[in-house]
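In: Need the 3D shape of this:
(chains A and B)
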Amino acid sequence: DAGVIQSPRHEVTEMGQEVTLRCKPISGHDYLFWYRQTMMRGLELLIYFNNNVPIDDSGMPEDRFSAKMPNASFSTLKIQPSEPRDSAVYFCASKIGQERTGELFFGEGSRLTVL
Amino acid sequence: GDSVTQMEGPVTLSEEAFLTINCTYTATGYPSLFWYVQYPGEGLQLLLKATKADDKGSNKGFEATYRKETTSFHLEKGSVQVSDSAVYFCALISGGSNYKLTFGKGTLLTVNP
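Out: Modelled structure (predicted):
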């Protein structure tokens, strides 16, 4: 079975440009999470969805960030306009079922560099 | 709020050495505790977990015991291999939270042959 698939793997863009990161969760998983990883702050939860509905977006840094999940097999994280401090690795993860201690399955990440 | 503190890395060991990576936490209620591992160029994957005090999680020769009295969940392995080289993350989900997994900053382990 395919794991969580993220694209692009690497993105280099200039400040002010729009960035869209994409994620395909594991089929059948009903929870989807977006994390950001930086050297300074480590891994931070940005937002998570349950059955395509955003449940907690308290980690989204500001209005420049938005996330959508139009269906069970696709989610996007958009940054508009991008800034150099947004440079990070963005991970998508999915899980199945309501057990809170269930395993999160992570994608390989999208490394974003904003110049 | 919830937080996880891990020992600063990097940690460099020779093959077959004993490994300990310290992890302590602050959380509301009674958290569940996890160790995730990230191999180079890959996403994180669950290594082991413990959901209540005195539980021991184990997998692939790694162990960690949930110590409520010291709020700790230290990772140990008796004999490391080169293939164990990775970044190790301690994490928790607290009793009062929804599905938010809070991670430590990670510890880079390098094992030399």
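
In: Please report how far the closest residue to chain A within chain B lies from residue A:51.
Out: Nearest residue of chain B to chain A: residue B:43, at 3.1 Å (CB to the nearest CB). (Each C-beta comes from the backbone N, C-alpha and C, glycine too.) Applying CB to CB, to the nearest Å, the value for residue B:43 to residue A:51 is 23 Å.

In: which of these two has more neighbours?
Out: Neighbours were counted for residue B:43 and for residue A:51 using other CB atoms under 10 Å in any protein chain shown; residue B:43 has more, 21 against 10.

In: Look at the closest residue to the more buried one other than its chain neighbours and say how many residues are nearby.
Out: Spatial nearest neighbour of residue B:43, excluding adjacent residues (CB to CB, 6 or more residues apart in numbering or on different chains): residue A:106 at 3.1 Å. Number of residues near residue A:106 (other CB under 10 Å) recorded here: 23.

In: quick one: buried residues of stretch A:86-100?
Out: Residues A:86-95, A:100 are the ones in stretch A:86-100 that count as buried (16 or more other CB atoms under 10 Å in any protein chain shown).

In: For those, which two are the farthest from each other?
Out: Pairwise distances across the buried residues of stretch A:86-100 peak at 31.6 Å for A:87 and A:100 (criterion: CB to CB).

In: Get me the contact residues on chain A for chain B.
Out: Contacts of chain A with chain B, taken as CB under 8 Å from any CB of the partner chain, map to A:3-4, A:31, A:33, A:42-43, A:45, A:48, A:50, A:55-56, A:91, A:93, A:100-101, A:103-109.

In: Just those: which are in helices?
Out: Counting by DSSP state H, no part of the residues of chain A next to chain B is found in helices.

In: Of those residues, keep whichever come out buried.
Out: Looks like those have A:3-4, A:31, A:33, A:42-43, A:45, A:48, A:50, A:56, A:91, A:93, A:100-101, A:104-109 buried, using 16+ other CB under 10 Å.

In: ok now do the residue of chain B most remote from its centre, which residues does it touch?
Out: Centroid-distance maximum for chain B: residue B:113 at 23.1 Å, with CA atoms, centre = their mean. Residue B:113 makes contact with B:14-15, B:82, according to CB atoms under 8 Å, 6 or more residues apart in numbering or on different chains.

In: how close does whichever residue of chain A sits closest to chain B get to residue B:103?
Out: Using CB to the nearest CB, the closest approach of chain A to chain B is made by residue A:106 at 3.1 Å. Distance of residue A:106 to residue B:103, given as CB to CB: 11 Å.

In: which residue ranges form the strands in the chain?
Out: Going with chain A. Under the criterion DSSP state E, chain A contains strands at A:5-7, A:10-13, A:19-24, A:31-38, A:42-50, A:53-56, A:65-71, A:74-79, A:88-95, A:105-106, A:110-114.

In: hmm, I had chain B in mind actually
Out: Going by DSSP E, chain B shows strands at B:3-6, B:11-14, B:19-21, B:23-26, B:32-38, B:44-50, B:56-59, B:62-65, B:75-77, B:86-93, B:102-103, B:107-112.
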